[in-house]
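J.: Provided below for reference: sequence and predicted model.
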Amino acid sequence: MLVVGATGSIGRHVVAEALRVGFQTRALVREPGQVSLFPEGTRVIVGDPARSESIAGALDGVTGVVFTQGTYRDADAEQANYRPVRAVLNALKKPARIALMTALGVTSPTPGHDWKRRGERLVRASGLPYTIVRPGWFDYNKPDEHRLVFRQGDTHLAGNASDGAISRRQIARVLVASLTSDAADRKTFELVAEPGEAQAELDPLFAALQPDAELDGPRDRENLPLNA
């Protein structure tokens with residue numbers, strides 16, 4: 001599997017989790033000096049994630065791709081939130097399972113959110129098996145909040161941690177688990193944590209979700225025209 005956005009705070013956890021569960025793991029980085037960021041056993045590949053020709057070799061033989069890159073800066077939103085998704089989908093020569101991380105609140109219009117949603121739509125339209133995870137606020141959860149909750153409809157839009165929080169390690173666990181779960185295919189959901197014990201198995205949570213519509217998640221607001 002390949003991790004796009006591997007040097008970020010979520011991506012490094014995804015690499016570690018993928019290695020832990022037995023994946024042969026590749027980390028896509030922009031600079032050769034970033035090799036030291038990753039555990040032993042990681043294959044580090046240098047490339048520009050926004051350019052298909054730069055990452056074609058990184059995708060040779062992969063069966064899964066996890067996207068964790070992203071920004072909320074308006075000026076960089078297309079480059080970070082959309083172009084890597086487009087580049088990977090264009091460069092894939094064989095089918096692969098996709099796990100795309102976007103954000104809770106992504107249906108609330110901003111330039112950053114809108115480019116994330118366009119990336120989601122590319123994945124849904126690709127015909128590949130996929131899961132789209134919209135995590136809540138990173139590491140704002142309390143010490144007793146280990147129970148994972150999958151929500152749909154993106155209805156919590158206060159714009160602060162009251163919408164829901166989740167740890168980076170929990171996000172990584174869900175992203176990696178989705179790659180091998182048939183129940184997670186064509187599902188989009190918001191991910192938060194609540195008080196309680198961590199679930200040993202995630203398949204029941206994936207199975208309880210509604211599948212996606214053709215280009216949007218279940219009950220997503222219709223506030224981003226397809227031609228926008």
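T.: Nice, thanks for sending it over. The model shown is predicted, which means the values in this text are computed figures rather than measured ones.
J.: Show me which positions of the helix ranked longest in the chain end up buried.
T.: For the chain, the helix with the greatest residue count under DSSP state H is helix 111-125. Residues 112-124 are the ones in helix 111-125 that count as buried (16 or more other CB atoms under 10 Å). No exception for glycine: its C-beta is placed from N, CA and C like everyone else's.
J.: What segments of the protein are helices?
T.: Using DSSP H, the helices of the chain run over 9-20, 52-55, 77, 83-91, 111-125, 168-178, 203-207.
J.: Show me which residues of the last one are buried.
T.: Read that as helix 203-207. Quick answer for helix 203-207 (16+ other CB under 10 Å): 205, 206.
J.: if we look at that helix, which residues are touching it?
T.: Residues outside helix 203-207 that contact it (CB atoms under 8 Å, 6 or more residues apart in numbering): 131, 148, 150, 178, 181, 183, 184, 187, 199.
J.: try 10 Å
T.: If you take CB atoms under 10 Å, 6 or more residues apart in numbering as the criterion, helix 203-207 is touched by 131, 148-150, 174, 177-178, 180-185, 187, 189, 191, 199.
J.: Centre-most residue in the chain?
T.: With distances taken as CA atoms, centre = their mean, the residue of the chain nearest its centroid is residue 101 (1.9 Å).
J.: contacting residues for that one?
T.: Neighbouring residues of residue 101 by CB under 10 Å, 6+ apart: 4-5, 8, 10-11, 14, 66-70, 116, 131-135, 171-172, 174-175, 191.
J.: which one's the longest strand in the chain?
T.: strand 187-194 (DSSP state E).
J.: From residue 13, how far off is the residue nearest to the centre of the chain?
T.: 11 Å (CB to CB, to the nearest Å).
J.: out of everything not next to it in sequence, what's closest to residue 56?
T.: Of all residues not flanking residue 56 in the chain, residue 91 sits nearest, at 4.7 Å (CB to CB, 6 or more residues apart in numbering).
J.: doesn't residue 50 make contact with the one you found?
T.: No. Counting by CB atoms under 10 Å, residue 91 stays clear of residue 50, with 11.1 Å between them.
J.: Double-check residue 88 against residue 55; I have them as touching.
T.: Yes. With contact defined as CB under 10 Å, residue 88 reaches residue 55; the gap is 6.7 Å.
J.: can you list the weak-confidence ranges in the protein?
T.: Across the chain, the ranges flagged by pLDDT under 70 are 228.
J.: Of all the helices of the chain, which one is nearest residue 31?
T.: Relative to residue 31, the nearest member of the helices of the chain by CB to CB is helix 52-55, separated by 13.0 Å.
J.: So which other helices or strands are in contact with the closest one?
T.: Packing partners of helix 52-55 (3 or more CB pairs under 10 Å, 6 or more residues apart in numbering; DSSP states H and E): strand 43-46, helix 83-91.
J.: Can I get the last one as PDB, trimmed to CA atoms?
T.: Written as PDB, here are the backbone C-alpha positions of helix 83-91 (Å, rounded to 0.1, in the frame of the first residue of the first chain):
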ATOM      1  CA  ARG A  83      -4.600  17.500  -7.300                       C
ATOM      2  CA  PRO A  84      -3.000  14.500  -5.500                       C
ATOM      3  CA  VAL A  85      -6.300  12.600  -5.700                       C
ATOM      4  CA  ARG A  86      -6.600  13.300  -9.400                       C
ATOM      5  CA  ALA A  87      -2.900  12.500 -10.000                       C
ATOM      6  CA  VAL A  88      -3.100   9.100  -8.300                       C
ATOM      7  CA  LEU A  89      -6.300   8.100 -10.000                       C
ATOM      8  CA  ASN A  90      -4.800   9.000 -13.300                       C
ATOM      9  CA  ALA A  91      -1.500   7.200 -12.700                       C
END
